[in-house]
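Peer 1: One predicted model, sequence on top.
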Amino acid sequence: MAATGKLGGRPARNIAAGLFPKVKAFDGPLPEGYAGIEFSTPVAPDPWHVPGCPVWSGPRDGVEIAPDDSDLVLIPVTITKRVDG
């Protein structure tokens, strides 16, 4: 992410498993004691996402399929905070 400025996402693998790759996030700041990143992006999330859990799927404006991996989508991000675990 630091080198490319892009955040990637793959198809969900858990209870809400899916076939299509998506960048998945939670709205708001990281809770105290959690590892992860906070970021901003100029790309609007998908309009049908669950409130509080934005996702970005594509291809569409601002969401690209990785050139070497069709199971990976990428969005441009600016990392505003990073907490290592």
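Peer 2: Structure received.

Peer 1: report the longest strand in the chain, please.
Peer 2: strand 69-76 (DSSP state E).

Peer 1: ok, and what's touching that one?
Peer 2: By Cβ atoms under 8 Å, 6 or more residues apart in numbering, the list of residues contacting strand 69-76 from outside reads 4-11, 21-23, 41-43, 56-59, 62-66. Bear in mind the C-beta positions are built from the backbone N, C-alpha and C, glycine included.

Peer 1: so who does the residue minimising distance to the centre of the chain touch?
Peer 2: Among the residues of the chain, the one closest to the centroid is Val23, at 2.8 Å (Cα atoms, centre = their mean). Val23 makes contact with 7-9, 55-57, 63, 73-75 under the criterion Cβ under 8 Å, 6+ apart.

Peer 1: Could you say which helix or strand holds it?
Peer 2: Assigned by DSSP states H and E, Val23 belongs to strand 22-24.

Peer 1: Walk me through which strands that strand pairs with, and which way each runs.
Peer 2: Strand pairing for strand 22-24, determined by DSSP bridges: strand 55-57 (antiparallel).

Peer 1: Buried residues, the helix or strand just after the strand it pairs with. List them.
Peer 2: Using DSSP H and E, the helix or strand that follows strand 55-57 in sequence is strand 64-66. Across strand 64-66, burial judged by 16 or more other Cβ atoms under 10 Å covers Glu64.
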